[in-house]
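A.B. asks: Give the three-dimensional model of this entry:
(chains A, B and C)
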Amino acid sequence: MNGKSLVSITDFSKENYLEILDLAKEFESRPNPDLFRGKVVGSLFFEPSTRTRLSFESAVTRMGGRIIGFTEASSSSVTKGETLYDTIKIVSNYCDLIVMRHAMEGSARYASEVASIPIINAGDGANQHPTQTMLDLYSIQKTQNKLENLNICLVGDLKYGRTVHSLLMAMSEFNSTFHFVSPKELKMPMVYKLFLENRGLKYEEHTEFNDIVKEADVIYMTRVQKERFSDPIEYEKTKNAYNLKKDMLKNAKPGMKILHPLPRVNEIHTEIDSTPQAYYFTQALNGVFARQAIIAKILGLK
Amino acid sequence: MNGKSLVSITDFSKENYLEILDLAKEFESRPNPDLFRGKVVGSLFFEPSTRTRLSFESAVTRMGGRIIGFTEASSSSVTKGETLYDTIKIVSNYCDLIVMRHAMEGSARYASEVASIPIINAGDGANQHPTQTMLDLYSIQKTQNKLENLNICLVGDLKYGRTVHSLLMAMSEFNSTFHFVSPKELKMPMVYKLFLENRGLKYEEHTEFNDIVKEADVIYMTRVQKERFSDPIEYEKTKNAYNLKKDMLKNAKPGMKILHPLPRVNEIHTEIDSTPQAYYFTQALNGVFARQAIIAKILGLK
Amino acid sequence: MNGKSLVSITDFSKENYLEILDLAKEFESRPNPDLFRGKVVGSLFFEPSTRTRLSFESAVTRMGGRIIGFTEASSSSVTKGETLYDTIKIVSNYCDLIVMRHAMEGSARYASEVASIPIINAGDGANQHPTQTMLDLYSIQKTQNKLENLNICLVGDLKYGRTVHSLLMAMSEFNSTFHFVSPKELKMPMVYKLFLENRGLKYEEHTEFNDIVKEADVIYMTRVQKERFSDPIEYEKTKNAYNLKKDMLKNAKPGMKILHPLPRVNEIHTEIDSTPQAYYFTQALNGVFARQAIIAKILGLK
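C.D. replies: Here you go, the predicted structure:
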């Protein structure tokens, strides 16, 4: 992985995933405040994102590295008519690695072809967000003590949700069974279902949420956004159908965990926060270790 | 104080104040560039503030700590509908201590109840700004060589000014005599006057500024903002009555010092900047040492 | 240079330039990750600028220093009516050196008179941008192996372009011959032509670009902005006349290099990026070393 960009979760192999997870575990148990000393990470958020940005900043600074960058496009030279090509070329001179978030699908891949240093994609539109997937894998492994043969239930916006698409592709390496729970308008796209069929993996589609909770080892929740619906009436009908409430957990498996890429709006009731199944805040913490591991591998450190 | 949040100046005792002042003095005379090494401070400014933010950033970075965060709510996930509860929960994972400024009164207390790490309130609306009060105490102690038995003159917006309220409460531990100088519409609220009466402390209210200057050991100036007046004519009448001009200092005590939490607009004439009484810029510098001391105590360092 | 501000390129002497260039060369060949340890640089961008800001941040953090500051005036106290005088006075308390960008001509000089610490001007309106000039000199020296007796061709907006004015003044120390290529509305101002005449230096003015390429050792391109033209028809006529295309390079000297302060819009065709003459992205990298050298000299380090 040394010197490689991470644009899509498929840029890395199953072996890469496992190496990263091992290293994340090591960083969690034995912090190393000097490993990134002298390294400068460019944090280019053309689109704002507190959580992802602060997670990367925490990951880098806790290991002694430095951050430079911008938090939204308005403080960048984009407003002076500069192309992404030029911005990436120039910023490549200022740092050892670029973390970028951009609204446009494909922008991270393009940047990785232009840059003289590695790029980590921190989200390019509805396309990819591979470090999120690595922290999801790390969270699943930590809570289930394995990655193989799990029942993964993906809930909410399965059409546009980049996190569920990447997670599906990554977990397909580990013989998962998938349950897709979504409104009709936001179903898992055919391309991902074909992907699973080609690999001989099982999936089921559901519009009813309640029935499937008891099957799951992992429930992965996502936001259902009003803007995704062409018909507002359809939104009003389905908006609460994919919310998780405490009484739905009564038949859940003991070790089942609820994940969410966050931010949530109301799709997980706050009464769930104090249940043993709630794992989304710890999942956010896991992101720090997963990102430290990815950066260390790409910079060839350790 | 180890592990405690600092939301209101009353969260700390008189003994705490004195310990912090001693430590601030030590940090001022003997800088320690490594004491905060490996520590990450989350700087969450939901409302912009250059001075306070940069003062904290200087305090932390000069002692080897790192800052992550945002400088206004628009670059945070608040715009995606995330609750303060979720934001604080998540950011708690990324750092060792959170410094927060928020427009809503009570928000810092709420955050301190949610967070798994200590919160320092850097201003919550018109409510509290306790680190400002600690630097005010430090400035008074440095210039008067004591805190006990001083004549403190508070001037300007005494109704909404959070700094004067907190300072009054802190100085009430040191047998101060208070003079309140303000327009009728911006008088010191009854609750603070009762607070002093209960402690057997003296205060006087004035609408005339000039007469009281000669009595003061400390004159604490604040901005009078037009928006605070229901009647614009009333504002026009009083706006210049609470401005400090150089000729008003001719009968001042030799050791009297003028403080101001800054920013000032025109309530202190710039001709005063070069007088021996002007202390507001040095006061800002004192904020760096006071904040270093508070953070060191809360993080249990040294 | 120890303790001095750098507001205009003329604040430093020819000897200063050469010392800075030597130090930049040393920093480029032998990085020193600890030279700025314990130093805090205030980065005050009252006007946004990615490139310059990130270049300074990279320069400082790669040598172990820390950055505090703001990236646009809206996150500063200017919005509360604070004067530049007060902002500079206060921020002087928080750091060891201030780097500032401001829209108003003369603001950096004013700040340097107010501040108790050195100021580096990172651009004040159309006036000066001296660290850009130092990186331009460093780029010229690196590519031409000398600074004396070169043919310098300045192209584009010569009327408002602060970078070409500063470069002209600096290169006048090295017996350059200048070629000015611009539309009639954006000609080099008389004051700079008189400056050269007083020093006995040669210059020629051109409205035709193509003919002059073969003479040049260095072509320094700048953006021609529509807003600079009083007559939009005039703009339409000339806008493409000062763009550099690949076929114009066929008679260029072998060692000729193309510089640009960036960002570019379309004045250098991207097909030029892969020619041996294209030097603008490396020029941006040189900025990191030039700025490290300037900061080290001003802080008296090394």
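
A.B. asks: Just give the closest residue to the residue nearest the centre of chain A, not the sequence neighbours.
C.D. replies: With distances taken as Cα atoms, centre = their mean, the residue of chain A nearest its centroid is A:Gln132 (2.1 Å). Residue nearest to A:Gln132 in three dimensions, not counting chain neighbours: A:Thr163, with 5.2 Å by Cβ to Cβ, 6 or more residues apart in numbering or on different chains. Yep, even glycine has a C-beta here, placed from its N, CA and C like the rest.

A.B. asks: contacting residues around the one you found?
C.D. replies: Going by Cβ atoms under 8 Å, 6 or more residues apart in numbering or on different chains, A:Thr163 touches A:His129, A:Gln132, A:Thr133, A:Asp136, A:Tyr220, A:Thr222, A:Pro261.

A.B. asks: Show the subsequent helix or strand relative to the helix or strand hosting the residue nearest to the centre of chain A.
C.D. replies: Using DSSP states H and E, A:Gln132 sits within helix A:130-144. Proceeding C-terminally, helix A:130-144 gives way to strand A:151-155 as the next helix or strand, assigned by DSSP H and E.

A.B. asks: list the helices and strands that following strand packs on?
C.D. replies: helix A:162-171, strand A:177-181, strand A:218-221 (3 or more Cβ pairs under 8 Å, 6 or more residues apart in numbering or on different chains; DSSP states H and E).

A.B. asks: one more time with 10 Å
C.D. replies: Contact here means 3 or more Cβ pairs under 10 Å, 6 or more residues apart in numbering or on different chains; DSSP states H and E; on that basis strand A:151-155 packs against helix A:162-171, strand A:177-181, strand A:203-206, strand A:218-221, strand A:257-259.

A.B. asks: In PDB, list the C-alpha atoms belonging to the longest one.
C.D. replies: Right, the one you point to is helix A:162-171. What follows is helix A:162-171, C-alpha atoms only, in PDB (Å, rounded to 0.1, in the frame of the first residue of the first chain):
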ATOM      1  CA  ARG A 162     -22.000   5.600  -0.600                       C
ATOM      2  CA  THR A 163     -21.200   4.000   2.800                       C
ATOM      3  CA  VAL A 164     -23.500   1.100   2.300                       C
ATOM      4  CA  HIS A 165     -22.200   0.500  -1.200                       C
ATOM      5  CA  SER A 166     -18.600   0.400  -0.100                       C
ATOM      6  CA  LEU A 167     -19.400  -1.700   2.900                       C
ATOM      7  CA  LEU A 168     -21.200  -4.300   0.800                       C
ATOM      8  CA  MET A 169     -18.200  -4.600  -1.500                       C
ATOM      9  CA  ALA A 170     -15.800  -4.900   1.400                       C
ATOM     10  CA  MET A 171     -17.900  -7.400   3.300                       C
END
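
A.B. asks: What angle do helix A:130-144 and that helix make with each other?
C.D. replies: Relative orientation of helix A:162-171 and helix A:130-144, computed by axes from the mean of the first three to the mean of the last three Cα atoms, to 10 degrees: 60 degrees.

A.B. asks: Could you tell me the average pLDDT over helix A:162-171, please?
C.D. replies: Averaged across helix A:162-171, pLDDT comes to 95.

A.B. asks: can you pull the contacts of A:Arg264?
C.D. replies: Neighbour list for A:Arg264: A:Met221, A:Thr222, A:Arg223, A:Asn243, A:Leu244, A:Thr270, A:Tyr280, B:Lys80, B:Gly81, B:Glu82, B:Thr83, B:Asp86 [criterion: Cβ atoms under 10 Å, 6 or more residues apart in numbering or on different chains].

A.B. asks: Can you point out the buried residues in the one helix or strand in chain A whose mean pLDDT sits lowest?
C.D. replies: The helix or strand of chain A with the poorest confidence is helix A:232-238; it has a mean of 82 (mean pLDDT, DSSP states H and E). Under the neighbour-count criterion of 16 or more other Cβ atoms under 10 Å in any protein chain shown, helix A:232-238 has A:Tyr235, A:Thr238 buried.

A.B. asks: so does that helix get close to chain B?
C.D. replies: No. Between helix A:232-238 and chain B, judged by Cβ under 10 Å from any Cβ of the partner chain, nothing touches; the nearest distance is 15.1 Å.

A.B. asks: how distant is that helix from the center of its chain?
C.D. replies: 27 Å (Cα atoms, centre = their mean, to the nearest Å).

A.B. asks: Only alpha carbons, please: show the longest helix along chain A as CSV.
C.D. replies: Secondary structure of chain A per DSSP state H: the longest helix is helix A:280-298. C-alpha atoms of helix A:280-298 as CSV (Å, rounded to 0.1, in the frame of the first residue of the first chain):
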residue,chain,number,x,y,z
TYR,A,280,-22.3,4.3,16.7
PHE,A,281,-20.4,6.6,19.0
THR,A,282,-17.7,4.1,19.6
GLN,A,283,-17.7,3.4,15.9
ALA,A,284,-16.7,7.1,15.4
LEU,A,285,-13.8,6.6,17.8
ASN,A,286,-12.7,3.5,15.9
GLY,A,287,-12.4,5.9,12.9
VAL,A,288,-9.4,7.5,14.5
PHE,A,289,-7.5,4.2,14.7
ALA,A,290,-8.5,3.0,11.3
ARG,A,291,-7.4,6.2,9.7
GLN,A,292,-4.1,6.2,11.6
ALA,A,293,-3.5,2.7,10.2
ILE,A,294,-4.4,3.6,6.6
ILE,A,295,-2.1,6.7,6.7
ALA,A,296,0.8,4.7,8.3
LYS,A,297,0.5,2.1,5.5
ILE,A,298,0.3,4.6,2.7
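
A.B. asks: roughly how far out does that helix sit from the chain middle?
C.D. replies: 10 Å.

A.B. asks: And chain B, is that helix touching that?
C.D. replies: Yes. With Cβ under 10 Å from any Cβ as the criterion, chain B is reached by helix A:280-298 at A:Tyr280, A:Phe281, A:Thr282, A:Gln283, A:Ala284, A:Leu285, A:Asn286, A:Gly287, A:Val288.

A.B. asks: so where is the stretch 1-150 of chain A shaky, pLDDT-wise?
C.D. replies: A:74-80 (pLDDT under 70).

A.B. asks: Up against chain C, what does it have?
C.D. replies: A:37-42, A:44, A:65-83, A:85-87, A:89-96, A:116.

A.B. asks: List buried residues within the residues you listed.
C.D. replies: For the residues of the stretch 1-150 of chain A next to chain C, buried by 16+ other Cβ under 10 Å: A:38-42, A:44, A:65-78, A:80, A:82-83, A:86-87, A:89-96.

A.B. asks: Generate a ChimeraX selection restricted to the buried entries among the residues of helix A:280-298 next to chain B.
C.D. replies: Selection of buried members from the residues of helix A:280-298 next to chain B for ChimeraX, criterion 16+ other Cβ under 10 Å:
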select /A:280,281,283,284,285,286,287,288
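
A.B. asks: With distance to A:Thr10 and pLDDT as extra columns, can I get the residues of helix A:280-298 next to chain B in a markdown table?
C.D. replies: Below are the residues of helix A:280-298 next to chain B laid out as a markdown table (distance: Cβ to Cβ, whole Å; pLDDT from 0 to 100):
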| residue | distance to A:Thr10 | pLDDT |
| --- | --- | --- |
| A:Tyr280 | 25 | 97 |
| A:Phe281 | 29 | 96 |
| A:Thr282 | 27 | 97 |
| A:Gln283 | 22 | 97 |
| A:Ala284 | 24 | 96 |
| A:Leu285 | 26 | 96 |
| A:Asn286 | 21 | 98 |
| A:Gly287 | 20 | 98 |
| A:Val288 | 24 | 97 |
